[in-house]
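**Q** Structure for this input, please:
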Amino acid sequence: MKHLPNIKQQLSTLLSLPSISSALPDYDMSNKGVIDQIASWCETLGFKVDIQCIDKARGKFNLLATLGSGPGGLILSGHTDTVPCNIEKWQSDPFKLTDKDNRFYGLGSCDMKGFFALALAAIEKVDARQLKAPIFILATADEETSMSGARALATLGLPKARAAIIGEPTSLKPINMHKGILMEGIKITGQAGHSSDPELGNNAMDAMHTVISELKDFRQQLKQEFKHTAFSVPSPTLNLGCIHGGDNPNRICGQCELHFDLRMIPGMNTEQLRQRIQDRLDRVAKQTQTDIEFYRLFDGVDAFASGENSELVALAEKLSGHGAEAVAFATEAPFLAAANIDTVVMGAGSIDQAHQPDEYMAHDQIEPMVKYIGQFIKHYCL
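**A** Model (predicted):
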(Lines give C-alpha, C1' and ligand atoms only; values in the text may rest on other atoms or scores of the structure.)
Protein backbone atom coordinates (compact mmCIF):
# COMPACT_ATOMS: atom_id res chain seq x y z
CA MET A 1 0.00 0.00 0.00
CA LYS A 2 1.28 3.45 -0.94
CA HIS A 3 1.69 5.98 1.85
CA LEU A 4 1.32 9.73 1.77
CA PRO A 5 3.94 12.20 3.00
CA ASN A 6 3.49 13.01 6.69
CA ILE A 7 1.42 15.98 7.88
CA LYS A 8 4.39 18.34 8.03
CA GLN A 9 5.51 17.40 4.51
CA GLN A 10 1.99 17.75 3.11
CA LEU A 11 1.51 21.14 4.73
CA SER A 12 4.91 22.29 3.49
CA THR A 13 3.93 21.35 -0.07
CA LEU A 14 0.53 23.07 0.12
CA LEU A 15 2.00 26.27 1.54
CA SER A 16 4.52 26.38 -1.31
CA LEU A 17 1.66 26.57 -3.83
CA PRO A 18 0.33 30.16 -3.65
CA SER A 19 -3.43 30.36 -4.20
CA ILE A 20 -4.41 33.88 -3.18
CA SER A 21 -8.01 34.85 -3.86
CA SER A 22 -8.62 38.56 -4.27
CA ALA A 23 -11.19 40.88 -5.81
CA LEU A 24 -8.18 42.84 -7.13
CA PRO A 25 -6.82 41.16 -10.30
CA ASP A 26 -3.22 42.14 -9.48
CA TYR A 27 -3.29 39.88 -6.40
CA ASP A 28 -5.63 37.11 -7.58
CA MET A 29 -4.13 33.69 -8.37
CA SER A 30 -5.21 30.30 -9.67
CA ASN A 31 -5.76 27.52 -7.12
CA LYS A 32 -5.08 24.75 -9.67
CA GLY A 33 -1.75 23.75 -8.15
CA VAL A 34 -3.33 23.10 -4.75
CA ILE A 35 -6.27 21.22 -6.29
CA ASP A 36 -3.96 18.99 -8.38
CA GLN A 37 -1.80 18.18 -5.36
CA ILE A 38 -4.73 17.23 -3.12
CA ALA A 39 -6.19 15.21 -6.01
CA SER A 40 -2.93 13.29 -6.38
CA TRP A 41 -2.85 12.41 -2.69
CA CYS A 42 -6.51 11.38 -2.80
CA GLU A 43 -5.85 9.09 -5.77
CA THR A 44 -3.00 7.49 -3.83
CA LEU A 45 -5.55 6.57 -1.13
CA GLY A 46 -7.96 5.12 -3.69
CA PHE A 47 -10.36 8.04 -4.08
CA LYS A 48 -12.25 8.64 -7.31
CA VAL A 49 -11.40 12.24 -8.22
CA ASP A 50 -13.47 14.82 -10.07
CA ILE A 51 -11.90 18.23 -10.79
CA GLN A 52 -14.39 20.92 -11.81
CA CYS A 53 -13.40 24.11 -13.64
CA ILE A 54 -15.25 27.04 -12.08
CA ASP A 55 -13.63 29.96 -13.92
CA LYS A 56 -11.24 29.09 -16.75
CA ALA A 57 -10.03 32.66 -17.28
CA ARG A 58 -9.02 33.06 -13.62
CA GLY A 59 -7.87 29.46 -13.19
CA LYS A 60 -10.35 28.51 -10.46
CA PHE A 61 -11.15 24.88 -9.72
CA ASN A 62 -13.03 22.67 -7.25
CA LEU A 63 -12.26 19.10 -6.27
CA LEU A 64 -14.74 16.40 -5.27
CA ALA A 65 -13.03 13.16 -4.24
CA THR A 66 -14.99 10.04 -3.25
CA LEU A 67 -13.81 6.95 -1.38
CA GLY A 68 -16.37 4.16 -1.12
CA SER A 69 -19.94 4.05 -2.37
CA GLY A 70 -23.53 3.88 -1.27
CA PRO A 71 -25.91 6.30 0.44
CA GLY A 72 -25.02 8.64 3.29
CA GLY A 73 -21.43 9.18 4.26
CA LEU A 74 -19.34 12.08 5.49
CA ILE A 75 -18.03 15.18 3.72
CA LEU A 76 -14.74 16.73 4.82
CA SER A 77 -14.78 20.19 3.31
CA GLY A 78 -12.38 23.09 3.02
CA HIS A 79 -11.28 25.93 0.78
CA THR A 80 -7.98 25.95 -1.07
CA ASP A 81 -7.52 29.72 -1.39
CA THR A 82 -5.95 32.18 1.02
CA VAL A 83 -6.23 35.92 1.53
CA PRO A 84 -3.44 38.20 0.25
CA CYS A 85 -0.57 38.88 2.65
CA ASN A 86 1.87 41.66 3.49
CA ILE A 87 5.12 39.75 3.07
CA GLU A 88 7.14 42.57 4.65
CA LYS A 89 5.23 42.11 7.92
CA TRP A 90 5.98 38.40 8.21
CA GLN A 91 8.94 37.19 10.26
CA SER A 92 9.28 34.22 7.87
CA ASP A 93 8.42 33.42 4.26
CA PRO A 94 4.60 32.99 4.16
CA PHE A 95 4.94 30.46 1.30
CA LYS A 96 7.36 28.20 3.17
CA LEU A 97 6.55 26.17 6.24
CA THR A 98 8.44 27.39 9.29
CA ASP A 99 8.45 25.01 12.26
CA LYS A 100 9.30 26.82 15.48
CA ASP A 101 7.94 27.33 18.99
CA ASN A 102 5.72 24.25 18.56
CA ARG A 103 3.89 25.93 15.69
CA PHE A 104 3.70 25.54 11.92
CA TYR A 105 3.87 29.02 10.38
CA GLY A 106 2.74 29.88 6.85
CA LEU A 107 -0.04 31.47 4.81
CA GLY A 108 -2.95 29.03 4.93
CA SER A 109 -1.49 26.92 7.74
CA CYS A 110 -4.72 27.18 9.73
CA ASP A 111 -6.99 28.98 7.22
CA MET A 112 -7.21 26.45 5.88
CA LYS A 113 -4.83 24.31 3.84
CA GLY A 114 -3.77 22.55 7.02
CA PHE A 115 -7.18 20.88 7.31
CA PHE A 116 -6.56 18.81 4.18
CA ALA A 117 -3.34 17.41 5.61
CA LEU A 118 -5.12 16.47 8.84
CA ALA A 119 -8.09 14.94 7.02
CA LEU A 120 -5.85 12.83 4.77
CA ALA A 121 -3.83 11.70 7.79
CA ALA A 122 -7.03 10.45 9.43
CA ILE A 123 -8.28 8.79 6.24
CA GLU A 124 -4.96 7.01 5.71
CA LYS A 125 -5.64 5.07 8.90
CA VAL A 126 -8.98 3.78 7.53
CA ASP A 127 -9.28 0.40 5.81
CA ALA A 128 -11.31 1.37 2.74
CA ARG A 129 -12.59 -2.22 2.44
CA GLN A 130 -14.49 -1.72 5.69
CA LEU A 131 -16.40 1.36 4.54
CA LYS A 132 -20.18 1.06 4.80
CA ALA A 133 -20.71 4.62 3.48
CA PRO A 134 -18.47 6.93 1.45
CA ILE A 135 -15.97 9.56 2.56
CA PHE A 136 -15.99 12.72 0.45
CA ILE A 137 -13.36 15.42 0.28
CA LEU A 138 -14.50 18.80 -1.02
CA ALA A 139 -11.87 21.40 -1.88
CA THR A 140 -13.23 24.70 -3.13
CA ALA A 141 -12.10 27.92 -4.79
CA ASP A 142 -12.57 31.57 -3.85
CA GLU A 143 -14.06 31.18 -0.37
CA GLU A 144 -12.18 34.29 0.71
CA THR A 145 -13.90 36.48 -1.91
CA SER A 146 -17.03 35.41 -3.78
CA MET A 147 -17.48 31.80 -2.58
CA SER A 148 -17.90 30.95 -6.27
CA GLY A 149 -16.60 27.44 -5.64
CA ALA A 150 -19.26 26.57 -3.08
CA ARG A 151 -21.94 28.22 -5.22
CA ALA A 152 -20.90 26.13 -8.20
CA LEU A 153 -20.99 22.93 -6.16
CA ALA A 154 -24.44 23.81 -4.89
CA THR A 155 -25.61 24.37 -8.48
CA LEU A 156 -24.04 21.19 -9.84
CA GLY A 157 -25.37 19.15 -6.95
CA LEU A 158 -23.55 18.26 -3.75
CA PRO A 159 -23.11 14.62 -2.69
CA LYS A 160 -26.14 13.35 -0.79
CA ALA A 161 -24.05 12.78 2.30
CA ARG A 162 -25.42 12.41 5.79
CA ALA A 163 -23.03 14.86 7.44
CA ALA A 164 -20.33 17.41 6.69
CA ILE A 165 -17.38 18.82 8.64
CA ILE A 166 -16.08 22.20 7.46
CA GLY A 167 -12.57 22.42 8.86
CA GLU A 168 -12.23 26.16 9.39
CA PRO A 169 -10.00 27.07 12.37
CA THR A 170 -12.21 26.98 15.47
CA SER A 171 -9.68 25.89 18.13
CA LEU A 172 -11.23 22.40 17.99
CA LYS A 173 -14.60 23.71 19.15
CA PRO A 174 -17.79 22.84 17.24
CA ILE A 175 -19.54 25.81 15.63
CA ASN A 176 -23.23 25.28 14.95
CA MET A 177 -24.17 28.83 14.01
CA HIS A 178 -22.70 31.84 12.26
CA LYS A 179 -23.86 35.14 10.86
CA GLY A 180 -24.42 35.77 7.18
CA ILE A 181 -23.06 38.69 5.22
CA LEU A 182 -24.18 41.02 2.46
CA MET A 183 -21.80 43.50 0.83
CA GLU A 184 -23.73 46.14 -1.08
CA GLY A 185 -23.10 49.30 -3.06
CA ILE A 186 -25.18 52.43 -3.61
CA LYS A 187 -24.34 54.86 -6.42
CA ILE A 188 -26.11 58.21 -6.62
CA THR A 189 -25.97 60.30 -9.78
CA GLY A 190 -27.01 63.94 -9.53
CA GLN A 191 -25.90 66.85 -11.67
CA ALA A 192 -22.52 68.59 -11.49
CA GLY A 193 -22.31 72.36 -11.78
CA HIS A 194 -20.62 75.51 -10.48
CA SER A 195 -20.71 75.62 -6.71
CA SER A 196 -21.54 79.33 -6.69
CA ASP A 197 -25.15 78.52 -7.59
CA PRO A 198 -26.76 75.35 -6.19
CA GLU A 199 -29.55 75.68 -8.74
CA LEU A 200 -27.07 74.85 -11.52
CA GLY A 201 -26.83 71.23 -10.37
CA ASN A 202 -28.14 68.54 -8.04
CA ASN A 203 -25.69 67.52 -5.32
CA ALA A 204 -25.30 63.74 -5.13
CA MET A 205 -23.46 64.05 -1.81
CA ASP A 206 -26.45 65.82 -0.26
CA ALA A 207 -28.64 62.94 -1.44
CA MET A 208 -26.15 60.43 0.01
CA HIS A 209 -26.43 62.21 3.34
CA THR A 210 -30.13 61.38 3.29
CA VAL A 211 -29.40 57.79 2.25
CA ILE A 212 -26.96 57.36 5.14
CA SER A 213 -29.59 58.66 7.55
CA GLU A 214 -32.01 56.06 6.15
CA LEU A 215 -29.45 53.26 6.57
CA LYS A 216 -28.68 54.28 10.15
CA ASP A 217 -32.40 54.31 10.89
CA PHE A 218 -32.72 50.87 9.27
CA ARG A 219 -29.83 49.64 11.41
CA GLN A 220 -31.66 50.64 14.57
CA GLN A 221 -34.84 49.01 13.30
CA LEU A 222 -33.04 45.72 12.67
CA LYS A 223 -31.50 45.88 16.12
CA GLN A 224 -34.97 46.10 17.65
CA GLU A 225 -36.47 43.40 15.42
CA PHE A 226 -33.78 40.69 15.57
CA LYS A 227 -31.70 39.31 18.40
CA HIS A 228 -29.91 36.03 19.11
CA THR A 229 -28.12 35.74 22.44
CA ALA A 230 -25.84 32.93 21.22
CA PHE A 231 -23.75 35.59 19.47
CA SER A 232 -21.34 37.89 21.29
CA VAL A 233 -22.89 40.70 19.22
CA PRO A 234 -26.50 39.51 19.46
CA SER A 235 -28.04 41.77 16.81
CA PRO A 236 -27.43 42.15 13.10
CA THR A 237 -24.89 44.83 12.21
CA LEU A 238 -24.75 47.32 9.35
CA ASN A 239 -21.38 48.95 8.73
CA LEU A 240 -20.87 51.98 6.47
CA GLY A 241 -17.50 50.93 5.06
CA CYS A 242 -16.31 53.40 2.43
CA ILE A 243 -17.57 56.42 0.50
CA HIS A 244 -16.35 58.29 -2.57
CA GLY A 245 -17.85 61.34 -4.23
CA GLY A 246 -17.17 64.48 -6.15
CA ASP A 247 -13.94 65.76 -7.65
CA ASN A 248 -13.38 69.35 -6.50
CA PRO A 249 -14.49 71.73 -3.72
CA ASN A 250 -15.87 74.28 -6.18
CA ARG A 251 -18.02 71.84 -8.15
CA ILE A 252 -21.43 70.52 -7.19
CA CYS A 253 -20.93 66.80 -6.53
CA GLY A 254 -22.31 64.95 -9.54
CA GLN A 255 -21.82 61.41 -8.27
CA CYS A 256 -21.36 59.70 -4.90
CA GLU A 257 -20.90 56.04 -4.05
CA LEU A 258 -21.17 54.14 -0.76
CA HIS A 259 -20.19 50.55 0.12
CA PHE A 260 -21.54 48.84 3.25
CA ASP A 261 -21.94 45.41 4.75
CA LEU A 262 -24.80 43.85 6.67
CA ARG A 263 -24.27 40.80 8.89
CA MET A 264 -27.44 38.81 9.50
CA ILE A 265 -28.35 36.39 12.26
CA PRO A 266 -30.16 33.11 11.45
CA GLY A 267 -33.78 33.57 10.48
CA MET A 268 -33.28 36.75 8.46
CA ASN A 269 -34.16 36.60 4.75
CA THR A 270 -31.58 38.26 2.49
CA GLU A 271 -33.96 39.12 -0.33
CA GLN A 272 -36.43 40.71 2.08
CA LEU A 273 -33.60 42.78 3.56
CA ARG A 274 -32.54 43.99 0.13
CA GLN A 275 -36.13 44.89 -0.74
CA ARG A 276 -36.56 46.89 2.46
CA ILE A 277 -33.42 48.86 1.64
CA GLN A 278 -34.58 49.33 -1.96
CA ASP A 279 -37.91 50.76 -0.75
CA ARG A 280 -36.06 53.36 1.32
CA LEU A 281 -33.78 54.25 -1.60
CA ASP A 282 -36.74 54.66 -3.93
CA ARG A 283 -38.22 57.23 -1.55
CA VAL A 284 -34.92 59.15 -1.37
CA ALA A 285 -34.52 59.10 -5.16
CA LYS A 286 -37.98 60.60 -5.58
CA GLN A 287 -37.40 63.15 -2.82
CA THR A 288 -34.00 64.30 -4.14
CA GLN A 289 -34.67 63.86 -7.87
CA THR A 290 -31.48 61.81 -8.27
CA ASP A 291 -30.76 58.46 -9.87
CA ILE A 292 -29.93 55.84 -7.21
CA GLU A 293 -28.46 52.47 -8.17
CA PHE A 294 -28.46 49.72 -5.54
CA TYR A 295 -26.23 46.77 -6.41
CA ARG A 296 -24.44 43.77 -4.94
CA LEU A 297 -20.68 43.76 -4.44
CA PHE A 298 -21.05 39.97 -4.29
CA ASP A 299 -23.99 37.60 -3.93
CA GLY A 300 -23.75 37.36 -0.16
CA VAL A 301 -23.76 34.41 2.22
CA ASP A 302 -26.76 33.36 4.27
CA ALA A 303 -26.55 32.93 8.01
CA PHE A 304 -26.02 29.35 9.16
CA ALA A 305 -27.57 27.31 11.93
CA SER A 306 -27.41 23.55 12.42
CA GLY A 307 -30.65 21.75 13.15
CA GLU A 308 -31.76 21.94 16.78
CA ASN A 309 -31.46 18.16 17.15
CA SER A 310 -28.31 17.76 15.06
CA GLU A 311 -26.73 14.35 15.54
CA LEU A 312 -23.44 15.70 14.21
CA VAL A 313 -23.31 18.65 16.61
CA ALA A 314 -24.06 16.34 19.54
CA LEU A 315 -21.24 14.02 18.46
CA ALA A 316 -18.83 16.94 17.97
CA GLU A 317 -19.65 18.23 21.45
CA LYS A 318 -19.10 14.79 22.95
CA LEU A 319 -15.75 14.25 21.18
CA SER A 320 -14.35 17.72 21.83
CA GLY A 321 -15.76 18.25 25.32
CA HIS A 322 -16.94 21.71 24.22
CA GLY A 323 -20.47 22.96 23.82
CA ALA A 324 -21.29 24.26 20.35
CA GLU A 325 -20.76 28.00 19.85
CA ALA A 326 -21.85 30.77 17.49
CA VAL A 327 -19.36 32.95 15.61
CA ALA A 328 -19.53 36.17 13.61
CA PHE A 329 -17.43 35.09 10.62
CA ALA A 330 -19.04 33.42 7.59
CA THR A 331 -18.18 30.03 6.05
CA GLU A 332 -19.39 27.75 3.26
CA ALA A 333 -21.66 25.91 5.72
CA PRO A 334 -24.95 27.43 4.44
CA PHE A 335 -24.40 25.86 1.02
CA LEU A 336 -24.11 22.38 2.49
CA ALA A 337 -26.90 22.90 5.01
CA ALA A 338 -29.19 24.03 2.16
CA ALA A 339 -28.71 20.56 0.63
CA ASN A 340 -30.08 19.02 3.86
CA ILE A 341 -26.65 17.84 4.97
CA ASP A 342 -26.13 17.91 8.74
CA THR A 343 -23.22 20.37 9.01
CA VAL A 344 -20.82 21.62 11.65
CA VAL A 345 -17.79 23.91 11.43
CA MET A 346 -14.83 22.54 13.37
CA GLY A 347 -11.09 22.57 12.83
CA ALA A 348 -7.60 22.97 14.25
CA GLY A 349 -6.01 26.38 14.65
CA SER A 350 -7.55 29.64 15.78
CA ILE A 351 -9.46 32.20 13.74
CA ASP A 352 -7.45 34.79 15.66
CA GLN A 353 -4.40 33.76 13.59
CA ALA A 354 -6.25 33.78 10.27
CA HIS A 355 -5.73 36.74 7.90
CA GLN A 356 -2.80 37.88 10.05
CA PRO A 357 0.96 38.10 9.49
CA ASP A 358 2.73 35.03 10.91
CA GLU A 359 -0.38 32.83 10.64
CA TYR A 360 0.22 29.50 12.33
CA MET A 361 -1.23 26.21 13.50
CA ALA A 362 -0.14 25.09 16.95
CA HIS A 363 1.27 21.56 17.11
CA ASP A 364 -0.98 20.61 20.03
CA GLN A 365 -4.09 21.12 17.87
CA ILE A 366 -3.02 18.61 15.21
CA GLU A 367 -3.31 15.14 16.75
CA PRO A 368 -6.61 15.90 18.53
CA MET A 369 -8.18 17.01 15.23
CA VAL A 370 -6.87 13.96 13.38
CA LYS A 371 -8.39 11.83 16.13
CA TYR A 372 -11.74 13.63 15.93
CA ILE A 373 -11.90 13.22 12.16
CA GLY A 374 -11.19 9.51 12.62
CA GLN A 375 -14.08 9.25 15.09
CA PHE A 376 -16.42 11.10 12.72
CA ILE A 377 -15.45 8.67 9.93
CA LYS A 378 -16.02 5.70 12.23
CA HIS A 379 -19.50 6.98 13.16
CA TYR A 380 -20.72 7.89 9.69
CA CYS A 381 -18.81 5.56 7.37
CA LEU A 382 -17.79 2.43 9.27
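
**Q** any chance you could map the helices in the stretch 151-300 of the chain?
**A** Taking DSSP state H, counting those that start in this stretch, the helices of the stretch 151-300 of the chain run over residues 204-225, 270-288.

**Q** what helices or strands is the last one leaning on?
**A** For helix 270-288, the contact count by 3 or more CB pairs under 8 Å, 6 or more residues apart in numbering; DSSP states H and E identifies strand 180-189, helix 204-225, strand 255-264, strand 291-296 as packing neighbours. No exception for glycine: its C-beta is placed from N, CA and C like everyone else's.

**Q** The third one vs strand 291-296, what angle?
**A** This points to strand 255-264. 40 degrees (axes from the mean of the first three to the mean of the last three CA atoms, to 10 degrees).

**Q** Mind listing what's buried along strand 255-264?
**A** 255-260, 262-264 (16 or more other CB atoms under 10 Å).

**Q** so can I have TSV of these showing pLDDT?
**A** Output for the buried residues of strand 255-264, formatted as TSV (pLDDT from 0 to 100):
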residue	pLDDT
Gln255	98
Cys256	98
Glu257	98
Leu258	98
His259	98
Phe260	98
Leu262	97
Arg263	96
Met264	97
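
**Q** Can you report how many residues lie near the closest residue to Ala354 other than its chain neighbours?
**A** With CB to CB, 6 or more residues apart in numbering as the criterion, Ala354 has its nearest non-adjacent residue at 3.7 Å, and that residue is Asp111. Neighbour count of Asp111, defined by other CB atoms under 10 Å: 28.

**Q** What's the local residue count around Gly374?
**A** By other CB under 10 Å, the residues close to Gly374 number 18.

**Q** Check Ala164 too.
**A** 28.

**Q** residue contacts, it?
**A** Contact partners of Ala164, counting by CB atoms under 8 Å, 6 or more residues apart in numbering, are 74-77, 138, 312, 333, 336, 341-344.

**Q** Tell me what the residue nearest to it when sequence neighbours are not counted is bridged to.
**A** Leaving aside its chain neighbours, Ala164 sits nearest to Ile75 (3.8 Å; criterion: CB to CB, 6+ apart). Ile75 forms beta bridges with Phe136, Ala164, as assigned by DSSP bridges.

**Q** export the helices and strands packed on helix 270-288 to CSV and tack on distance to Asp197?
**A** Below are the helices and strands packed on helix 270-288 laid out as CSV (distance: least, CB to CB, whole Å):
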stretch, distance to Asp197
strand 180-189, 20
helix 204-225, 15
strand 255-264, 19
strand 291-296, 22
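
**Q** So which of the ones you listed is nearest Ala152?
**A** Ala152 lies closest to strand 291-296 among the helices and strands packed on helix 270-288, at 17.5 Å (CB to CB).

**Q** Determine the number of other residues adjacent to the nearest residue in space to Ala338 that is not next to it in sequence.
**A** Nearest residue to Ala338, sequence neighbours excluded (CB to CB, 6+ apart): Ala154, at 6.7 Å. Residues near Ala154, counting by other CB under 10 Å, number 16.

**Q** Next: Pro25.
**A** Using other CB under 10 Å, Pro25 has 7 neighbouring residues.

**Q** Can you classify it by secondary structure?
**A** Per DSSP: H, G, I helix; E, B strand; the rest coil, the local secondary structure of Pro25 is coil.

**Q** May I see the buried residues of strand 255-264 arranged in JSON lines, with distance to Ser16 as well?
**A** Formatted as JSON lines, those follow (distance: CB to CB, whole Å):
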{"residue": "Gln255", "distance to Ser16": "45"}
{"residue": "Cys256", "distance to Ser16": "45"}
{"residue": "Glu257", "distance to Ser16": "40"}
{"residue": "Leu258", "distance to Ser16": "40"}
{"residue": "His259", "distance to Ser16": "35"}
{"residue": "Phe260", "distance to Ser16": "38"}
{"residue": "Leu262", "distance to Ser16": "38"}
{"residue": "Arg263", "distance to Ser16": "34"}
{"residue": "Met264", "distance to Ser16": "38"}
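
**Q** from those residues, which is closest to Arg219?
**A** Comparing the buried residues of strand 255-264 against Arg219 with CB to CB places Leu262 closest, at 8.6 Å.

**Q** How about the contacts made by that closest one?
**A** Contact analysis of Leu262 by CB under 8 Å, 6+ apart lists 181-182, 184, 236-239, 273.

**Q** out of the residues you listed, which are buried?
**A** 181-182, 184, 236-238, 273.

**Q** what about this protein, any weak spots by pLDDT?
**A** 1 (pLDDT under 70).

**Q** thinking again about what came up before, same list (the helices of the stretch 151-300 of the chain) but as JSON lines, adding distance to Leu4.
**A** As requested, the helices of the stretch 151-300 of the chain are exported to JSON lines (distance: least, CB to CB, whole Å):
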{"stretch": "helix 204-225", "distance to Leu4": "48"}
{"stretch": "helix 270-288", "distance to Leu4": "41"}
